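Undergrad: Pasting the sequence and the predicted model now:
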Amino acid sequence: MNSSFEIESAAATHIGRRSNNEDSWCVESELGFFAVADGLGGHEGGEVASRLVLEAMTDFLASRKEAGQGSASSSAGEKGEAAEALLAVAVRQAHEAVRARQEGRLSVMASTVTAVLLEGESVGVCNLGDSRTYLLRDGRLRALTRDHTVLAEMEEAGMDTSSPFVSMHRNSLTGAVGMEESVEAECQRVPLQPGDALLLCSDGLYEPLKTARMAELLKEGESAPVREVVERLVAEALRRGGTDNVTGVLVRVRG
């Protein structure tokens, strides 16, 4: 990991009220890489897709680290590739891995992904689908990612979202790893500062909790162990009626 900060991280997941858990998470502190993926495509397909996405991304970033004899992001810097550019390539690698396995029962599998890669005093952030990355800074929680759903894209275009059609398809994805022939994740770089916290999560966590309650729990847990805080977030999502798989990864930035 090529970060100027001390980092604490932990993850938690729960099957919710589903028959299987299609969420996957990744905490690779040595790489400075953290991610959540939410699979879709049937009972087996979702599990396979989300796992494939994170394995492919981790393998790619680890290979860059090995080639550069340093962190994935420091070796990228030597080649003129920033963390966000590396993440974009990693998502394309994951896309190819998923597409290569799409046959039989796995023919329609795909997965969302949201991921961060630490680099110096900033972080590369990417997403595709409706899994999200949030930043808590100075008590304020804001989303760093944009959902790729029918509802989000209609809202962004200023269209009327009150129709029954939108209600039925509000969560339908307009982008996911493995969904189309080609893929391009949205990636950006965000400066970090001591005291920041990054929360990566599937929709099973943020939908029942909403932003205000997530912010409260994160602020209340600022002095608590990071694992305890993320487990509390998952438990609260379930307590508030969440029925989906619930997954969160919390990354806390210290000076």
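TA: Perfect, thanks for sending it.

Undergrad: could you pull out the helices for the stretch 1-150 of the chain?
TA: Taking DSSP state H, counting those that start in this stretch to define them, one finds helices in the stretch 1-150 of the chain at 45-68, 72-78, 83-100, 150-156.

Undergrad: and those helices, which one's lowest on average pLDDT?
TA: Lowest mean pLDDT within those: helix 72-78, at a mean of 52.

Undergrad: picking up where we left off before, between the helices of the stretch 1-150 of the chain, which one is closest to Leu135.
TA: Proximity to Leu135 (CB to CB) singles out helix 83-100 among the helices of the stretch 1-150 of the chain, at 14.8 Å. For every residue, glycine as well, the C-beta is placed using N, CA and C.

Undergrad: Quick check: buried residues in that closest one?
TA: Of the residues in helix 83-100, those buried by neighbour count under the rule 16 or more other CB atoms under 10 Å are 83-92, 94-95, 97-99.

Undergrad: Contacts for that helix, please.
TA: Residues outside helix 83-100 that contact it (CB atoms under 8 Å, 6 or more residues apart in numbering) are 49, 52-57, 59-61, 64, 72-73, 76, 81, 109-111, 113, 115, 117-119, 122-126, 128, 177-178, 181-185, 187-189.

Undergrad: Do you know the pLDDT at Glu184?
TA: pLDDT recorded at Glu184 is 91.

Undergrad: What sits closest to it if chain neighbours are left out?
TA: Distances taken as CB to CB, 6 or more residues apart in numbering put Ala88 closest to Glu184, at 7.2 Å, once the chain neighbours are dropped.

Undergrad: can you pull out the strands in the protein?
TA: Taking DSSP state E as the test, the strands found in the chain are 2-3, 6-14, 23-28, 33-40, 110-111, 113-120, 122-128, 132-137, 140-143, 186-191, 197-201, 246-254.

Undergrad: which residues touch the fifth one?
TA: Contacts of strand 110-111 with the rest of the structure, by CB under 8 Å, 6+ apart, involve 24, 37-41, 46, 49-50, 52-53, 98, 129, 173, 176-179.
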